[in-house]
Every structure is written in C-alpha cells, then in structure tokens.
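Asks: Compute the structure for the input listed below.
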Amino acid sequence: MTYFEGFVLPVPESRREEYRKHAAGAAPLFHEIGVQRHFEAWDSDVPEGKVTDFRKAVDAKPDEKVVFSWFEYPDRAARDAANEKMMSDPRMKEMGETMPFDGKRMIMGGFDAIVEEGGSTGGYTDGFVVPVPESKKEAYRELASKMAKVFREHGANRVVEAIADDVNHGKVTDFYRAVKAEDGETVVFSFIEWPDKQARDDAWAKIMADESMKPDGDMPFSGQRMFWGGFEPILDSTPARTIENA
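Replies: Got it, this is the predicted structure:
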C-alpha cells in the first residue's frame, strides 16, 4: 500500500495565495526527488473541539488557518530516499528561507497505509487524526476497512487510513501531542476524498442518520481525542498533471 508523509500546519489567512504559490513552486522539485503525489488543502470546515482539534494541534493563532497536506510514495524506502535528497539539495534551503508559515509549529510524520479504498482524487477532503492503542491496531483496521466501504457507497472517491510508522516527538508540536496520546498509543493519519463539499455534506447526513452505523460496544480508539475537519484542495500535483485552485 501507499506510504504517506503527512503534514498539518498553520498559515496566516492573509497569506493563502502566497502559500499556494510557494507550494506550487516546490512541487516540481518534490516530484524530481520521488514524490508521486503532492496534495495541499485549506481549512474550510474545521470545528473547534473541547479536547483536541486541528487548530490546537498546531497552536494556531486567531488570524491563521490550518493546512492539511501529504506526499505519497510507493513505500517507505522511496520516502527515505526522497528525504535524504531533500536534506542535501540547496534548493530546499532556499525554499525554507521563504516559507509563508511558522515551520516550528508544523507537525509531520511518516504513515503506512492500512486501509486504502478507491483511487480517484476529489474536490473536497475530510481529514482525521486519531489516537489508537497499540493493542487495538487490528481491531481499528477492521473497523476502518468496514467504514471505508460505507463511505465509498455514499459517494467518496477515496478513503485512506495510515498508521504512524516514522513520527517523531517535536519540541513545540507533534502528532502525539495533537491527540494527547497516552502510553501505549499510536496515531492514525486519515482522509476521505469526495467529489465536492456538497457530496460530502449529503453523505455525512445520511451516514449519521443511519441507525446501523451507531457504535456497538467499545471503539478501538479514543473518540474524545480524535479530531477532524473539512478542507478545500488548493494544490493537487503529480508528475503527469497539476491541478491548482486559487
């Protein structure tokens, strides 16, 4: 299955277009060193949570929005090779000096897909970050696989669940802090790609109203510390094509 480098970062709302152009300018370099798909999505429908949420994850300031982003690779070896090239490429240093966001509060890490349903891309994305006990990884995978099929039946183009494989603890922010991970827990980086926001809204309304979708027994993750939100794609780039949305 696909290997993902996942990112969540805070960007000043006033610098949205500057950020999009910066990401678009970096895309050719990322593809050159091995990234198969480079995806960036802008905060669209991101709720405030009582315990955790996307804004808390990156300590977002009042004038900032959240970007949900990822790179796709065929496997971890390809990701590691790409990162090694990034570290030694002087063009990366130049781009780092002009980043229109606070890199110290960005969270990132490598995630290995455990569920991957569908294949076509979408015009709107739901992103999730979930704390999962190590002892319940298989139970989580089984539940996620079941739910992926439900989302697909309701119109989702693609559903991905990827579990932490190379996720470091940061000095300021990180994925573990984001979900207030407890001892013995790992983190899942997940997303659903929909044709558009209306398709997503319609699907969720039906799923939430379906009594058969109600939880039955203990869930293999902490729902109180999981967080999610809706994001509008602003860059979807592969070596063969590039879609940019202002």
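Asks: Just name the shakiest helix or strand of this protein by mean pLDDT.
Replies: Taking mean pLDDT, DSSP states H and E as the measure, the chain has strand 241-244 as its least confident helix or strand, at a mean of 50.
Asks: Roughly how far does the most far-flung residue of the chain relative to its centre sit from D126?
Replies: Residue distances from the centre of the chain (Cα atoms, centre = their mean) peak at E211, which lies 28.4 Å from the mean C-alpha position. Going from E211 to D126 by Cβ to Cβ, to the nearest Å gives 22 Å. (Each C-beta comes from the backbone N, C-alpha and C, glycine too.)
Asks: Averaged pLDDT, the host helix or strand of Y176. What do you get?
Replies: Under the criterion of DSSP states H and E, Y176 resides in helix 175-178. Predicted confidence along helix 175-178 averages 98 (mean pLDDT).
Asks: Now do stretch 69-84: distance to the chain's middle.
Replies: The chain centroid and the centroid of stretch 69-84 are separated by 15 Å under Cα atoms, centre = their mean, to the nearest Å.
Asks: distance between the ends of that stretch?
Replies: 20 Å (Cα to Cα, to the nearest Å).
Asks: And the helices in this structure, which stretches?
Replies: Ranges of helices in the chain, per DSSP state H, are 16-32, 54-57, 76-88, 90-96, 137-153, 175-178, 197-209.
Asks: CA-only coordinates of the fourth one in CSV, if you can.
Replies: Once non-C-alpha atoms are left out, helix 90-96 reads as follows in CSV (Å, rounded to 0.1, in the frame of the first residue of the first chain):
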residue,chain,number,x,y,z
PRO,A,90,20.4,23.6,-1.8
ARG,A,91,17.1,24.5,-3.4
MET,A,92,15.3,23.2,-0.3
LYS,A,93,17.3,25.6,1.9
GLU,A,94,16.3,28.4,-0.4
MET,A,95,12.6,27.5,-0.2
GLY,A,96,12.9,27.1,3.6
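Asks: ok, and for that helix, which residues are buried?
Replies: M92, M95 (16 or more other Cβ atoms under 10 Å).
Asks: Against which helices or strands is it packed?
Replies: helix 16-32 (3 or more Cβ pairs under 8 Å, 6 or more residues apart in numbering; DSSP states H and E).
Asks: Other residues contacting the helix it packs on?
Replies: Contact with helix 16-32 is made by 11, 38, 40, 42, 65, 67, 69, 71, 82, 89, 91-92, 95, 98-101, 234-235, 237-239, 242, 244, 246, as judged by Cβ atoms under 8 Å, 6 or more residues apart in numbering.
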